[in-house]
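Q: Structure of the sequence below:
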Amino acid sequence: MKILTRLFLILSCALMLGTSLVAQQRDALSDVESDQLREVAQDPDKRLKLYIKFAGERLDTVEATLKDEKAKGRGQRAHDALQDFRQLVDELDDNIDDYVEKQADLRKILPEVINTEDSFAKRLKAIKDRGVDPKFTEEFKSYSFVLQDAIEAVDLSLEDAKKTLEEQGQTMRKK
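A: The predicted structure follows:
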């Protein structure tokens, strides 16, 4: 009986810990944005454009936050917006993969994805370069890891989008 009681307590603690960790994970999308994405789930071009738009808005937030030198907590706010940006880039990639698997023709939207992600890469580099300034060094520490993660995510996403566009071009020529 004691063993069952202990086992029950251990399982209860594990369940509470797991629930608490899930509750702490941020959702990069607002309810309105999620609704907009649901409405265009069957249209790859519109859906991918929304992901591009939402990611761009998060990057705009990072830049605006870092420009406001009087604001408190800039480093943490930049961190959170970069984390949301990274999640949206991942979602964009996942959606592209899903549409490719469903044999959707993405040749029209992929050049826009590529151009936008190229722009994202340049903007992220500028944010990283800003962190070299000694007056921002301490603040930069609070978001440098997630910034590097976002840079790598965009680089990989850009590479995948170019590869997918090339593959789709070859596939469609054969048809």
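Q: max-length helix in this structure?
A: Looking only at the chain and at elements set by DSSP state H, the helix with the highest residue count is helix 144-174.
Q: what helices or strands is that helix leaning on?
A: Helices and strands touching helix 144-174, by 3 or more CB pairs under 8 Å, 6 or more residues apart in numbering; DSSP states H and E, are helix 74-101, helix 110-130. Placement of C-beta: from N, CA and C, glycine included.
Q: Deepest in the core, which of those is it.
A: When neighbours are counted by mean count of other CB atoms under 10 Å, the highest per-stretch mean among the helices and strands packed on helix 144-174 falls to helix 74-101, a mean of 19.
Q: got the angle between it and helix 110-130?
A: What separates the directions of helix 74-101 and helix 110-130 is an angle of 160 degrees, with axes from the mean of the first three to the mean of the last three CA atoms, to 10 degrees.
Q: Packing partners of helix 74-101?
A: Here helix 74-101 is seen to pack against helix 44-67, helix 110-130, helix 137-141, helix 144-174 when contacts are counted using 3+ CB pairs under 8 Å, 6+ apart.
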